[in-house]
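In: missing the sequence, but the structure's below:
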Ligand SMILES: NC(=O)c1ccc[n+]([C@@H]2O[C@H](COP(=O)([O-])OP(=O)(O)OC[C@H]3O[C@@H](n4cnc5c(N)ncnc54)[C@H](OP(=O)(O)O)[C@@H]3O)[C@@H](O)[C@H]2O)c1
């Protein structure tokens, strides 16, 4: 697999799955514009890969961020071949304990921001016959008691993926990876207490035929595979579970 010299944007690139994706992309020869709100971990990535990584420290929901990202990728790497919408927000809990505002926050990060970035990047993606990968979740296809708001946003992202795949073909391919449970900071940041996290992790491990959480690198490989036109040039509108059998 080679993505030699391709210019790729990855949101939420400094931690968890985004880091796994970025490392796989750089090893495959791509140039990566990395996005997130915290600048320091993004700079650490750029220090590690000085000629292959450009940093945009920004909130993907803020007005103007999508334009800034596209401009940075183009000015630094001379064009744009692919967008990976990976930044995500999870707020877990039963519906009667969650603030309805959490649903708006999750839609803004998990659906609105990816749509905005695709829209802004579109002229360049059309010119390069490029590709989009949205990092969704098995939560977008399974019933998710205790995580209904989050699941609803990922179902919306799946729908966006499939509709845009048809709308933008044959110029731009649009696919989604649906991870099962992966070991990342998301679990500790989702608003559950320690006992709640432990209970959820135990239940999810038991519900996953492979008997373990995934590793971010295992998601990164699949994103790189989808972005590589030599391997996946005829794949669009696919929602690919990479989930240890969770949806089997
Ligand atoms: N871990 C899992 O089990 C799992 C399973 C299925 C799907 N996913 C999906 O995988 C994706 C990555 O999550 P993760 O598990 O790797 O968790 P994570 O380490 O918490 O990653 C989330 C990333 O998104 C960035 N981010 C969040 N809000 C942002 C915003 N408003 N603007 C810019 N960047 C923002 C964060 O960086 P900053 O805080 O610096 O902004 C962080 O780097 C998410 O879409 C998640 O829904 C995860």
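Out: Perfect, I can see it now. The shown structure was predicted, so the numbers you read here are calculated from the model rather than taken from an experiment.

In: now do the lengthiest helix in the chain: which elements does it pack against?
Out: Ranked by residue count and defined by DSSP state H, the top helix of the chain is helix 148-168. Contacts defined by 3 or more C-beta pairs under 8 Å, 6 or more residues apart in numbering; DSSP states H and E place helix 148-168 against helix 100-107, helix 113-128, strand 131-135, strand 173-179, strand 239-242. The way it works is simple: take the backbone N, C-alpha and C, and place the C-beta from them, glycine included.

In: ok, residues contacting the helix or strand of the chain with the lowest mean pLDDT?
Out: Using mean pLDDT, DSSP states H and E, helix 194-206 stands out as the lowest-scoring helix or strand of the chain, at a mean of 92. Contacts with helix 194-206, where a contact means C-beta atoms under 8 Å, 6 or more residues apart in numbering, come from 92, 146, 180-181, 187-188, 190, 192, 211-213, 246.

In: of these, closest to residue 16?
Out: residue 187 (9.5 Å; C-beta to C-beta).

In: what are the buried residues along the least confident helix or strand of the chain?
Out: Judged by neighbour count using 16 or more other C-beta atoms under 10 Å, the buried positions of helix 194-206 are residue 200.

In: residues in contact with the most centrally placed residue in the chain?
Out: In the chain, the residue lying closest to the centroid (C-alpha atoms, centre = their mean) is residue 86, at 1.7 Å. Residue 86 is in contact with 10-13, 17-18, 21, 135, counting by C-beta under 8 Å, 6+ apart.

In: again, but for residue 149
Out: Here residue 149 is in contact with 91, 95, 98, 102-103, 106 (C-beta under 8 Å, 6+ apart).

In: now residue 216: closest residue in space, sequence neighbours ignored.
Out: In space, and not counting its chain neighbours, residue 216 is closest to residue 20: 2.8 Å by C-beta to C-beta, 6 or more residues apart in numbering.

In: repeat for residue 147
Out: residue 92 (4.9 Å).

In: and that neighbour, which of the three is it?
Out: Judged by DSSP: H, G, I helix; E, B strand; the rest coil, the three-state class of residue 92 is coil.

In: ok, it to residue 181 distance?
Out: Taking C-beta to C-beta, to the nearest Å as the measure, residue 92 falls 12 Å from residue 181.

In: what score does the residue sitting furthest away from the middle of the chain have for pLDDT?
Out: Distance to the chain centre peaks in the chain at residue 96, reaching 28.3 Å (criterion: C-alpha atoms, centre = their mean). On the pLDDT scale, residue 96 is placed at 94.

In: contact partners for the closest residue to residue 162 other than its chain neighbours?
Out: In this structure, residue 162 finds its nearest non-sequential neighbour in residue 237, 5.0 Å apart by C-beta to C-beta, 6+ apart. Contacts for residue 237 (C-beta under 8 Å, 6+ apart) come out as 161-162, 165-166, 169, 174-175.

In: run the last query once more with 7 Å
Out: 161-162, 165-166, 174-175 (C-beta atoms under 7 Å, 6 or more residues apart in numbering).

In: tell me what the closest residue in space to residue 239 that isn't next to it in sequence is bridged to.
Out: Spatial nearest neighbour of residue 239, chain neighbours left out: residue 176 (4.9 Å); criterion: C-beta to C-beta, 6+ apart. Assessed by DSSP bridges, residue 176 has beta-bridge partners residue 134, residue 239.

In: just to check, residue 176 is in contact with residue 161?
Out: Yes. With contact defined as C-beta atoms under 7 Å, residue 176 counts as touching residue 161 (4.3 Å).
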